[in-house]
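**Q** what follows is a predicted protein model with its sequence.
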Amino acid sequence: TTFPGGIVAGEIQAISTAGNLIFTSGARLSGPGVSTVSTTGTVTFGDAPAAGTAPDELAFLGGLNRSGGPVILNGDLRSFGANLTISGTLTVSGNSLIISNAGSITLSDVLIATNTSLSVGTESSGAVVAATFGPSTVSTGTSLRLGSTGTTTVSGAVTDLAQLQVDGGSATFSGAVGASGTPIPNVILMAGSGTTTFGDNFFATTVSAAGGPGAVSFNGTTSTVTNAATFSNSGTLSLGNGAGDTVTFTAGLTAGTTAVNGTLQTTSAPIALGSLVSTSAIVTTGSNSASTINIGTVSGSAPTLTAGTITLTGSVSATGTITLNSAGNVTLSGGLSNAGSLAVTSSGTTTIAGGSAVAVTVNSANILLTKTPLSVSGSTSLTGTSAVTLQSGSGINDSSTSNTGAITISAGAGGFSQAANAAMLPGAVVLAQQGLDAEAFAARLRVLLTDPAALSAAAAAAATAGRPDAADRIADFVHSAALARGG
């Protein structure tokens, strides 16, 4: 049955028939009841409008429940607060909208034709639920926008689209988005009030995320973005939800607060994050000069960072072992804040602006301590193959620090140097034989002799490990032993 001039009625009730229904010039069903179409044939809503004219509008004020056979859409399908449900396969043959205002939109499998765009849920606050989105054939130029300010849930795969745009409220993609050999060329994430979550594998050429309060999560085992990506939304960017997850931004990543649970990597390209919240995170960019990591604060647990250059501008408070590997310089300009055990391996200069940690081990060409003392409750080992320098105001364990571990400093040809007001406690300082000569030893003594307070504190610390009554104890032991032998 064809309605070539459109239809105006209260509602439609087409049940259990095998014929096709074709609405070629729109429809307006203004009745309060739900229009129910359960025919097994194909239902076509709209046709290609003439050039310069508006698309056909199919308005079901009381809602639509389409079950049975397939649907072809070429126009605007809408309700005004009621639910829209299409249970069969929906083929979008021309640019179309599906809008429900406050009502829900429920779709099954959606196929989009070549050079065709589909917008679902824009101007709407109701929930959107769909199974899959893909092309009607091996088509190109397909575009999908999901824009409800409510919740959007896609349970299956989203494949072979030219563009995917997600904005509004929370959106969850449970199936894969794109594929390894056919990534989605352009993904736009206009982060609204909720969280956009990709629960399975994700593959895209370009991803852009404009500003907004929303959050974005990539939780699949493998997520790959080819071009450099910038996330300017204020919500958290979450990458991975388990140790086996790998998120690759091949050409680099710039983002604000970023939570990593798994591996975040680039291919010799920079990573710049406002902050890192780590769950045993592995963050790596390679080792050449362009492969930089620049992060503000670092919190959470046990991060491992590997790059050509590593710069941490905020405080580092992560627990567990904080591992930093660099072919160039490592800079902790924000210092340590009740951090775990810091382990640094660097071929350049390692700079630490003081702070507090459980333990510190640094192997670097040059080691530079700046600003404030480094307070370490356990052991401190600084191995500088060239030099180790304690600048003014810095040091290791000032007089207020409770420290039980040893301090081991090994300096190469550049030697060890310490500013006059740089603190060095507890009582013992170990200087490795390598790089230690008469002049270096004399320089160390000159520093200590000009700092009575440090000497007094060191003496007090040393006394806690000493035995002032050692002679009496030895005498008592000898005497007891002699008596035991009958002497």
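**A** Okay, I see it.

**Q** use CA for all of it now, contacts and neighbours both
**A** Fine.

**Q** biggest strand in the chain, by residue count?
**A** strand 336-352 (DSSP state E).

**Q** which helices and strands does it pack with?
**A** strand 321-326, strand 330-332, strand 355-369 (3 or more Cα pairs under 8 Å, 6 or more residues apart in numbering; DSSP states H and E).

**Q** elements contacting the second one?
**A** Think strand 330-332. Using 3+ Cα pairs under 8 Å, 6+ apart as the test, strand 330-332 ends up in contact with strand 309-312, strand 336-352.

**Q** ditto for the longest one
**A** Under the contact criterion of 3+ Cα pairs under 8 Å, 6+ apart, strand 355-369 touches strand 336-352, strand 374-376, strand 380-390.

**Q** and residue 181, which of these is closest to it?
**A** Relative to residue 181, the nearest member of the helices and strands packed on strand 355-369 by Cα to Cα is strand 336-352, separated by 37.3 Å.

**Q** tell me the contacts of residue 275?
**A** 256-258, 295-298 (Cα atoms under 8 Å, 6 or more residues apart in numbering).

**Q** again but with residue 350, I slipped
**A** 329-331, 344, 362, 364-368.

**Q** out of the residues you listed, which is most surrounded?
**A** Within those, most neighbours by other Cα atoms under 10 Å means residue 364, with 29 neighbours.

**Q** quick one: pLDDT of the closest residue to it other than its chain neighbours?
**A** Leaving out its chain neighbours, the residue that sits closest to residue 364 by Cα to Cα, 6 or more residues apart in numbering is residue 346, at 4.6 Å. Predicted confidence (pLDDT) for residue 346: 95.

**Q** do I have it right that residue 346 meets residue 331?
**A** No. Taking contacts as Cα atoms under 8 Å, residue 346 lies outside contact range of residue 331: 10.3 Å.

**Q** rewinding a little: give the bridge partners for the residue nearest to residue 364, please.
**A** residue 326, residue 364 (DSSP bridges).

**Q** how near is it to residue 306?
**A** 10 Å (Cα to Cα, to the nearest Å).

**Q** before we move on, back to that, tally of neighbours for the residue nearest to residue 364?
**A** 25.

**Q** tell me which residues touch it, please.
**A** Contacts of residue 346 by Cα under 8 Å, 6+ apart are 324-330, 363-365.

**Q** ok, now with 10 Å
**A** Contact analysis of residue 346 by Cα atoms under 10 Å, 6 or more residues apart in numbering lists 306-310, 324-330, 362-367, 384.

**Q** and what of residue 131?
**A** Contacts of residue 131 by Cα under 10 Å, 6+ apart are 87, 89, 106-110, 153-158, 173-175.

**Q** okay, now residue 41: neighbour count?
**A** Residues lying near residue 41 (other Cα under 10 Å) number 16.

**Q** which of the contacts of residue 131 fall within helices?
**A** Nothing among the contacts of residue 131 maps onto helices, per DSSP state H.

**Q** out of the helices and strands in this protein, which is least certain?
**A** Using mean pLDDT, DSSP states H and E, strand 429-431 stands out as the lowest-scoring helix or strand of the chain, at a mean of 54.

**Q** what about the helices in this protein?
**A** 438-449, 452-465, 470-484.

**Q** quick one on the thing from earlier: deepest-packed of the helices and strands packed on strand 355-369, please.
**A** Mean neighbour count (mean count of other Cα atoms under 10 Å) peaks for strand 374-376 among the helices and strands packed on strand 355-369, with a mean of 27.

**Q** returning to what we had before: shared neighbours, residue 346 and residue 331?
**A** 309-310.

**Q** before we move on, the earlier item: which of the helices of the chain has the lowest mean pLDDT?
**A** helix 452-465 (a mean of 61).

**Q** so how far is residue 384 from residue 311?
**A** 19 Å.

**Q** just residue 267 next, same as before
**A** 29 Å.

**Q** measure residue 95 to residue 188 for me?
**A** For residue 95, the distance to residue 188 - Cα to Cα - is 19 Å.

**Q** the two: which has the busier surroundings?
**A** Neighbours of residue 95 and residue 188, each counted by other Cα under 10 Å, are more numerous for residue 95; the result is 20 against 16.

**Q** list the contacts of the more buried one.
**A** Residue 95 sits in contact with 48, 55, 73-76, 112-113, 115-119, 142-143, where contact means Cα under 10 Å, 6+ apart.

**Q** can you pick the most crowded of the residues you listed?
**A** Neighbour max across the contacts of residue 95 (other Cα under 10 Å) = residue 112, 29 neighbours.

**Q** tell me what that residue is bridged to.
**A** Under the criterion used (DSSP bridges), residue 112 bridges to residue 92, residue 135.
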